[in-house]
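*Asks:* Next one to model:
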Amino acid sequence: MEIPAAEKLARLARLKLSAEELANLASSIEPILGYVGQISEVSVEAVPRHELVKNVLREDVVQNETGAYTEALLNSAPKQKDGFVQVQKILNNE
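*Replies:* Coordinates of the predicted model:
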C-alpha cells in the first residue's frame, strides 16, 4: 500500500499531524507535486548547454567594516557567551 504524499512529507519533516491537518496539507501539496511532475517531463535536449549554465550570482563585496555591527548584535541578543550569541539546542542525536 502506497503512503499518500502528504503523510510521507509529514513523516520526513517529523510532524505529527491530525487527520484534518493531513487533509489540508494534501490539498496544498498535491497540485505542487503535479506541477513538478509536469516540469520533469519537459525535454531540454534542444537547448544548448551553454544557455542552461549561467552565473546569476552577484560579486561578493564587503560593504561595511568588519565587526561594525558585532557589539550591537551581541547587545540585542537575549543570551551571549564568549562573544557569540547563545541559543537553545534544538537537535538531538537520536
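
*Asks:* going forward, measure contacts between C-alpha atoms and count neighbours the same way
*Replies:* Will do.

*Asks:* avg pLDDT for stretch 75-91?
*Replies:* Averaged over stretch 75-91, pLDDT sits at 89.

*Asks:* Output that stretch as CSV - backbone C-alpha positions only.
*Replies:* Backbone C-alpha positions of stretch 75-91 (Å, rounded to 0.1, in the frame of the first residue of the first chain) are rendered in CSV as follows:
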residue,chain,number,x,y,z
ASN,A,75,23.8,43.5,23.0
SER,A,76,20.5,42.8,21.4
ALA,A,77,20.7,39.0,21.9
PRO,A,78,18.9,37.6,24.9
LYS,A,79,21.9,35.5,25.8
GLN,A,80,25.6,35.7,24.8
LYS,A,81,28.7,33.7,25.8
ASP,A,82,32.3,34.4,24.9
GLY,A,83,31.5,36.9,22.1
PHE,A,84,28.8,34.7,20.5
VAL,A,85,25.0,34.7,20.5
GLN,A,86,23.9,31.7,22.7
VAL,A,87,20.9,29.8,21.5
GLN,A,88,19.0,26.8,22.8
LYS,A,89,20.0,23.4,21.4
ILE,A,90,17.3,22.1,19.1
LEU,A,91,18.8,19.0,17.7
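
*Asks:* Now do the buried residues in that stretch.
*Replies:* The neighbour-count check on stretch 75-91 (16 or more other Cα atoms under 10 Å) flags nothing as buried.

*Asks:* Likewise for stretch 14-31?
*Replies:* For stretch 14-31, by 16+ other Cα under 10 Å, it's 22, 25, 26.

*Asks:* so who does the last one touch?
*Replies:* Neighbouring residues of residue 26 by Cα atoms under 8 Å, 6 or more residues apart in numbering: 5, 6.

*Asks:* Please identify which helix or strand holds it.
*Replies:* Here residue 26 sits within helix 19-40, counting by DSSP states H and E.

*Asks:* how close does the spatially most central residue of the chain get to residue 26?
*Replies:* The residue lying closest to the centre of the chain (Cα atoms, centre = their mean) is residue 13, at 11.6 Å. Using Cα to Cα, to the nearest Å, one gets 14 Å for the distance from residue 13 to residue 26.

*Asks:* Point to the helix or strand of this structure where mean pLDDT is at its lowest.
*Replies:* helix 49-52 (a mean of 64; mean pLDDT, DSSP states H and E).
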